[in-house]
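Peer 1: Pasted the sequence and its predicted model underneath.
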Amino acid sequence: MDFVEKFRESLKIPTWWPPETQGSAAVEAAEATLLRFQKFLAENFPAFHQAAEHWMLSPYSMVYHWPGIGGTGSEANAVLLLAHYDVVPAETEKWSVDPFGAEMKDGFIYSRGSLDMKSTLISIMEAAEILCAEGRKPKRDIWFAFGGDEERTGILGAMETVKWFENRGQKFDWILDEGTPIAENQIKGIDSPLALISIEEKGYVSLSLTVAQEPGHASRPPRVQAAAILGRALCRIAKKPFPFRLSPTVEMFFKQVSPLMPGVQGFVMRHARAFGPLFFKVAATTPMTASMLRTTAAMTQLAGSAADNVMPSEVRAIINIRLLWPWTVEKASAFIKKAVNDKRVRISVHGLGTNPVPPSRDYRNRGWSEFQAALDKSWPGVPLLPFIMVATTDSRHYQKLSDCIFRFSPHKLDPKELSGIHGHDERISAENLHAGMTFYTELLRSL
Ligand SMILES: [Zn+2]
């Protein structure tokens with residue numbers, strides 16, 4: 001099977017997660033699908049499977065070790081590439097094609113997971129397969145860890161894999177995970193593509209705001225209603241956003257990108273710190289740039305009673321917060337409580353919260369030049385820039401194993417393609433697929 005065919009076959013394995021709880025028949029079927037995907041890799045990349053040690057730790061975790069020829073020193077020098085093989089579900093009726101059909105149309109391959117992120121995983125495997133078939137051995141130890149539940153926090157996949165590495169005492173010089181892409185037309189004023197490699201990652205926490213009241217018949221509502229109290233709390237949160245902060249990563253990004261920006265805008269970006277509040281006014285004009293400059297609070301869910309004529313015993317709102325370092329789950333919760341300033345509103349952490357991952361240390365000397373060289377071969381002329389990941393990746397669980405983590409996807413994406421990730425009609429162009437594969441081949445060849 002050629003590379004594109006292998007990729008399409010991998011997309012047809014529907015590795016998405018049902019809403020049912022662990023242990024149910026639906027989840028057992030989903031686990032069987034994850035195992036089918038693992039088997040697919042073993043069968044389709046034989047040279048790599050021969051050359052590398054591998055462990056299928058569970059349906060949610062697989063690890064490969066491609067030993068370096070450098071001897072004992074190469075162990076300390078080890079690097080790790082991460083990927084995940086689960087995908088989010090697809091609302092079939094909103095797609096113009098079968099979301100798991102891997103249809104090819106007008107130079108694109110359409111499928112759930114085509115961007116997020118079987119394109120990367122299969123490209124990494126194909127790159128390793130090509131090099132192993134050539135008989136190449138890397139200079140340093142290269143590890144690969146793939147997770148099967150990244151889209152559901154990584155508790156069973158990434159977190160267990162990290163424990164497995166810890167038990168072996170394994171650390172990494174650097175780690176590369178999925179992440180920010182080669183952005184095209186995504187930053188206002190810049191139309192040439194930029195390779196954005198994230199060296200820090202925002203944290204994640206959801207807060208639940210609840211207000212209780214006596215349930216009863218909607219014909220006799222109380223004078224002060226729970227929904228009104230909750231509504232006032234939400235207005236207060238909206239009126240008091242988290243403060244702007246220019247992190248060193250973002251400052252460096254704007255400085256490097258400013259020559260590409262027109263006139264005044266470029267000048268302000270170049271001298272961001274000197275402009276103070278005016279800089280934030282100019283820079284935070286789109287949701288994307290604003291998200292790089294502050295901790296954000298998104299109001300994502302609201303719930304009341306189940307019927308239109310029933311008073312709810314409780315109303316609830318969920319606020320999803322993305323923490324800009326050095327904000328923490330604890331500090332952000334306190335900030336929201338202070339903004340709401342109403343004892344009738346109960347505020348608690350909902351689900352699993354994670355603090356931000358601080359900027360990678362010494363990243364210019366660890367991996368950067370290899371990434372630059374691989375980029376020159378796959379996307380000639382595109383500049384490589386340090387960036388901040390505003391979404392979360394599995395790599396956040398790996399902080400104990402390395403203080404230098406990169407998040408990058410070597411695919412050139414415009415806003416329309418970007419919207420396909422977790423949306424409808426997710427697709428990848430053949431150009432992207434091939435260039436991405438070249439990136440990983442050149443990267444692995446240099447290690
Ligand atoms: Zn992903």
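Peer 2: Arrived safely. Just so it is clear, the model here is predicted, and its values are computed rather than measured. Numbering: from 1, shown residues only.

Peer 1: Following the chain past the worst-scoring helix or strand of the chain on mean pLDDT, name the next helix or strand.
Peer 2: The helix or strand of the chain with the poorest confidence is helix 72-76; it has a mean of 61 (mean pLDDT, DSSP states H and E). For helix 72-76, the following helix or strand on the C-terminal side (DSSP states H and E) is strand 79-84.

Peer 1: right, is that next one up against the ion?
Peer 2: No - Strand 79-84 lies apart from the ion when judged by Cβ under 5 Å from the ion; the minimum separation is 5.7 Å. Placement of C-beta: from N, CA and C, glycine included.

Peer 1: Who are the contact partners of the residue in the stretch 301-447 of the chain positioned nearest to the ion?
Peer 2: For the stretch 301-447 of the chain and the ion, the shortest gap (Cβ to the ion) falls at residue 393, measuring 6.8 Å. Going by Cβ atoms under 8 Å, 6 or more residues apart in numbering, residue 393 touches 82, 150, 177-179, 201, 407.

Peer 1: Give me the lowest-pLDDT entry from these.
Peer 2: Scanning the contacts of residue 393 for pLDDT, the smallest score is found at residue 150, 92.

Peer 1: What pLDDT does the model give the nearest residue to that one once chain neighbours are set aside?
Peer 2: Distances taken as Cβ to Cβ, 6 or more residues apart in numbering place residue 84 nearest to residue 150, at 3.5 Å, with adjacent residues excluded. pLDDT, residue 84: 97.

Peer 1: Residue 84 and residue 338, how far apart?
Peer 2: From residue 84 across to residue 338, the span is 37 Å (Cβ to Cβ, to the nearest Å).

Peer 1: ditto for residue 19
Peer 2: The spacing between residue 19 and residue 338, counted by Cβ to Cβ, is 35 Å.

Peer 1: How about residue 332?
Peer 2: Distance, residue 332 to residue 338, by Cβ to Cβ: 11 Å.

Peer 1: three-state assignment of residue 155?
Peer 2: Of the three states, residue 155 takes coil under DSSP: H, G, I helix; E, B strand; the rest coil.

Peer 1: backbone phi and psi for it, please?
Peer 2: When read as degrees, to the nearest 10, the backbone of residue 155 gives phi -60, psi -40.

Peer 1: That one: neighbour count?
Peer 2: 12 (other Cβ atoms under 10 Å).

Peer 1: Roughly how far does it sit from residue 351?
Peer 2: Residue 155 sits 11 Å away from residue 351, taking Cβ to Cβ as the criterion.

Peer 1: ok, longest helix in this protein?
Peer 2: When the chain is parsed with DSSP state H, its longest helix is helix 25-44.

Peer 1: Counting by contacts, list what that helix packs against.
Peer 2: helix 3-11 (3 or more Cβ pairs under 8 Å, 6 or more residues apart in numbering; DSSP states H and E).

Peer 1: List the buried residues of the helix it packs on.
Peer 2: Neighbour-count burial for helix 3-11 flags 3-4, 6-8, 10-11 (criterion: 16 or more other Cβ atoms under 10 Å).

Peer 1: So which of the contacts of residue 393 sit within strands?
Peer 2: Using DSSP state E, 82, 177-179, 201, 407 are the members of those that sit in strands.

Peer 1: From the opening residue of stretch 211-223 to its closing one, how far?
Peer 2: Using Cα to Cα, to the nearest Å, the end-to-end distance of stretch 211-223 comes out at 15 Å.

Peer 1: So which bits of the chain are right by the ion?
Peer 2: With the criterion set to Cβ under 5 Å from the ion, the chain comes near the ion through 116-117.

Peer 1: okay, now the domains of the chain?
Peer 2: Taking automatic domain parsing as the criterion, the chain consists of the domains 3-201+357-446, 203-354.

Peer 1: Pick the most deeply packed of the ones you listed.
Peer 2: Scoring the domains of the chain by mean neighbour count under mean count of other Cβ atoms under 10 Å gives domain 3-201+357-446 as the most buried, with a mean of 19.

Peer 1: how far does that domain stretch from start to finish?
Peer 2: The first residue of domain 3-201+357-446 is 21 Å away from its last residue (Cα to Cα).

Peer 1: cool, and stretch 183-201?
Peer 2: This stretch, stretch 183-201, spans 17 Å end to end (Cα to Cα).

Peer 1: could you show me where the strands are in the stretch 101-250 of the chain, in order?
Peer 2: Ranges of strands within the stretch 101-250 of the chain are 103-105, 108-110, 142-147, 174-183, 194-201, 203-212, 216-217, based on DSSP state E, counting those that start in this stretch.

Peer 1: can you put those in CSV and add distance to residue 247?
Peer 2: Formatted as CSV, those follow (distance: least, Cβ to Cβ, whole Å):
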stretch, distance to residue 247
strand 103-105, 41
strand 108-110, 36
strand 142-147, 27
strand 174-183, 15
strand 194-201, 7
strand 203-212, 13
strand 216-217, 50
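
Peer 1: Tell me which of those strands approaches residue 64 most closely.
Peer 2: strand 142-147 (4.2 Å; Cβ to Cβ).

Peer 1: now what about the closest one, what contacts it?
Peer 2: Counting by Cβ under 8 Å, 6+ apart, 52, 60-66, 68, 78-86, 121, 124, 128, 154, 157-158, 161, 165, 170, 172, 394, 444, 447 sit against strand 142-147.

Peer 1: Would you confirm that residue 77 contacts residue 170?
Peer 2: No - applying Cβ atoms under 8 Å as the test, residue 77 and residue 170 come out as separate, 12.0 Å apart.
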